[in-house]
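In: Sharing a model that was predicted from the sequence below.
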Amino acid sequence: MLERFRQFWTNFFKPISHLLIKLGVSPDTVTIVGTIGVVSGALGFFPRGQLWIGVLVITAFVFSDLIDGDMARTLGTSSKWGAFLDSTLDRFGDAAVFAGLVLWFFGGGDDRLLAYVALWALVMGSVTSYTRAKAESLGMQAKGGIAERADRLVALLAVTFFADLLDLPVLLAIVLWTLAAASTITVVQRMILVRRQALAQPTPPS
């Protein structure tokens, strides 16, 4: 759903992309720094209960995911390695965001149930990405579902920010339960999609 806004934000950050290119910064460097920023923001602030500050730090670095891609296209250096690095480090960032909340709920947040819900959402988010990657490695498609990566991340960060700023923890509980359920459904949807494709393929002669 949020992919439709990708081009808008890419154009918005083009001046930064061009400046970094002029400074001799490589797209891979931006990818790595962005991931370090997201992980640091999530694990540095969330476990201490500084949720809205953590969201601001994470958000500042999340957009590097758009900047590095635009830089690679502008330089004509888009490659399979760059795509692999970007996708792999995205998993680190996503895991850190949920892990930070897990640590908070097991600690000062004092809500073990929500900690387990956040942990389940983390696992299902990773499996969601894996199902797509594995399907594509087998020559099939497994994109789509009700909870793609961008939707999950934006929903979690936005609600976490306002839940902490307005002191309404129930909002965070709602979004975590929703994401845990939606991610699980997405995994099932992608499994069904791949099974249909697999059954539609002709059986090789024995």
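Out: Nice, thanks for sending it over.

In: okay, CA-based contacts and neighbour counts for the rest of this
Out: Will do.

In: was I right about residue 108 contacting residue 49?
Out: Yes. Between residue 108 and residue 49 there is a contact under Cα atoms under 8 Å: 7.0 Å.

In: Of these two, which one has the most company?
Out: Neighbour comparison, residue 108 and residue 49: the larger count goes to residue 49, with 19 against 11 (by other Cα atoms under 10 Å).

In: Now do the same contact list for that one.
Out: 104, 108-109 (Cα atoms under 8 Å, 6 or more residues apart in numbering).

In: what helix or strand is residue 152 on?
Out: helix 149-165 (DSSP states H and E).

In: Check which helices and strands that helix sits against.
Out: Helix 149-165 is packed against helix 51-62, helix 169-200, with contacts defined by 3 or more Cα pairs under 8 Å, 6 or more residues apart in numbering; DSSP states H and E.

In: Now do the buried residues in stretch 67-80.
Out: 67-72, 78 (16 or more other Cα atoms under 10 Å).

In: what's that stretch in contact with?
Out: 10, 13-14, 16-18, 21, 26-28, 30-31.

In: residues near the nearest residue to residue 175 once chain neighbours are set aside, how many?
Out: Spatial nearest neighbour of residue 175, excluding adjacent residues (Cα to Cα, 6 or more residues apart in numbering): residue 156 at 6.5 Å. Neighbourhood size, residue 156 [other Cα under 10 Å]: 20.

In: Assess the claim that residue 156 and residue 174 are in contact.
Out: No. Taking contacts as Cα under 8 Å, residue 156 lies outside contact range of residue 174: 10.1 Å.

In: list residues touching both of those two?
Out: By Cα under 8 Å, 6+ apart, no residue touches both residue 156 and residue 174.

In: Using CSV, lay out the contacts of stretch 67-80 together with secondary structure and distance to residue 40.
Out: Converted to CSV, the contacts of stretch 67-80 look like this (DSSP: H, G, I helix; E, B strand; the rest coil; distance: Cα to Cα, whole Å):
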residue, secondary structure, distance to residue 40
10, helix, 24
13, coil, 22
14, helix, 25
16, helix, 22
17, helix, 23
18, helix, 26
21, helix, 25
26, coil, 21
27, helix, 20
28, helix, 18
30, helix, 15
31, helix, 14
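
In: So how do I select the buried members of those in ChimeraX?
Out: Selecting the buried subset of the contacts of stretch 67-80 in ChimeraX, with 16+ other Cα under 10 Å as the burial test, is done by:
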select :10,13,14,17,18,21,27,28,30,31
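
In: winner for burial among the helices and strands packed on helix 149-165?
Out: helix 51-62 (a mean of 21; mean count of other Cα atoms under 10 Å).

In: And that one, what does it pack against?
Out: By 3+ Cα pairs under 8 Å, 6+ apart, helix 51-62 packs against helix 27-45, helix 149-165.

In: Fine, thanks again, bye for now.
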